[in-house]
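Peer 1: model the structure of this input:
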Amino acid sequence: MSQNRFVAQVGLVLTTLAWGATFVLVKDSLEYAKPFTFIFFRFIIATIAILPFIFLNKKRNFFNRINNSEIKFGLICGLLLFIGYAFQNFGLEITIPSKSAFITSISVLIVPIILVFYKNEITTPRLWISILIVIFGLYLLIDPGSGVEQSNDKYGKDAFLPNLGDVLTFGCAIFFAMHIIAQSDAVKNKINLIRFFIIQCLSVSLFAGLCALIINEPAIPWEHPQINILYWSLIINGMIATTFAIFVMIWAQKILSAGETAVIFSLEPIFAALFSIFMGVESFGVLQWTGGIIVVLSVIYYSKSSIK
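Peer 2: Numbering: from 1, shown residues only. Next up, the predicted model:
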């Protein structure tokens, strides 16, 4: 294995670890900032974090070179990403971090289903087998009869019961899948990735800011004694889990295959569950671990077909 290949794999694992940690951070942050407001600040910070890359770009008139494809795909991808995060954040207000992560991870399986209708692509038996396995895994994960009876669980013994948050998170998985397809189409066009990223982040912030104003979300309680939780969460989500993660992903995907990348990304819900347990906010029973691992294995089973 070449050194670059190893570094790429480690980089993606660290990126996936960062994404896994954000579920707990976002849920705790939603006590101080409502979903639209949190999304707004997260992507404003992500935009600011990418500005140094502009100065490293040796081309003059960087923004004067913006073309129609960058604007069009930036707005489309930004809208899909915004809706996906909106579903996820509203879902996290109700459900728990680990369930949110496991349900979100099935977006990998939703992509080929959408492509059947969007581009008339032919599916394989492996996809439908994976979907059936996922359904079984999710049933074990949120089985009403499998509640964890441990008092040290921050979210209570009924945390694993099915709820509206799970449904909203499934909506998140659908829109994340649509975003994957749209972004894949975008990079096939003549676009500058930095400009495309900036337009996408700013459009997410614009949509989130407008929605926050329209529904009149409560202001952030800046004087709250524990507001540092929100500060650190926004920095980690904006700079590390958004800007840094995307640039590592773009670099790593030039070295690793799509299948290898998908397999590494499927570790995200496992990291989310482990982080929740480490932080003492969740307690997993045998059925929850079994269901979660089944979901991950089904995603890996399908993803490995794209390695060939």
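Peer 1: which residues make contact with stretch 30-44 from outside it?
Peer 2: The contact list for stretch 30-44 (Cβ atoms under 8 Å, 6 or more residues apart in numbering) reads 26, 29, 82, 85-86, 89-90, 92-93, 201-202, 204-205, 208-209, 211-212, 215, 217-218, 220-221, 224, 226-227, 229-230, 234, 237-238, 242. Every C-beta, even on glycine, is put in place using the N, C-alpha and C of the backbone.
Peer 1: of those, grab the buried ones for PyMOL.
Peer 2: Selection command for PyMOL covering only the buried members of those, criterion 16 or more other Cβ atoms under 10 Å:
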select buried, resi 26+29+82+85+86+89+90+92+201+202+204+205+208+209+211+212+217+220+230+234+237+238+242
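Peer 1: what's the spacing between residue 191 and residue 166?
Peer 2: Separation of residue 191 from residue 166 (Cβ to Cβ, to the nearest Å) stands at 36 Å.
Peer 1: may I have the helix or strand where residue 132 lies exported as PDB, CA atoms only?
Peer 2: Using DSSP states H and E, residue 132 sits within helix 125-142. Output in PDB follows, covering the C-alpha atoms of helix 125-142 (Å, rounded to 0.1, in the frame of the first residue of the first chain):
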ATOM      1  CA  PRO A 125     -30.500  -7.800  -6.800                       C
ATOM      2  CA  ARG A 126     -27.700  -6.700  -4.300                       C
ATOM      3  CA  LEU A 127     -29.500  -3.400  -3.800                       C
ATOM      4  CA  TRP A 128     -32.900  -4.900  -2.900                       C
ATOM      5  CA  ILE A 129     -31.200  -7.500  -0.600                       C
ATOM      6  CA  SER A 130     -29.400  -4.600   1.100                       C
ATOM      7  CA  ILE A 131     -32.700  -2.700   1.600                       C
ATOM      8  CA  LEU A 132     -34.400  -5.700   3.100                       C
ATOM      9  CA  ILE A 133     -31.500  -6.200   5.500                       C
ATOM     10  CA  VAL A 134     -31.600  -2.500   6.400                       C
ATOM     11  CA  ILE A 135     -35.300  -2.700   7.200                       C
ATOM     12  CA  PHE A 136     -34.700  -5.600   9.500                       C
ATOM     13  CA  GLY A 137     -31.800  -3.800  11.200                       C
ATOM     14  CA  LEU A 138     -33.800  -0.700  11.700                       C
ATOM     15  CA  TYR A 139     -36.600  -2.800  13.200                       C
ATOM     16  CA  LEU A 140     -34.200  -4.100  15.800                       C
ATOM     17  CA  LEU A 141     -32.800  -0.700  16.400                       C
ATOM     18  CA  ILE A 142     -36.200   1.000  17.100                       C
END
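Peer 1: now do it: which elements does it pack against?
Peer 2: Using 3 or more Cβ pairs under 8 Å, 6 or more residues apart in numbering; DSSP states H and E as the contact criterion, the elements in contact with helix 125-142 are helix 97-104, helix 107-118, helix 286-303.
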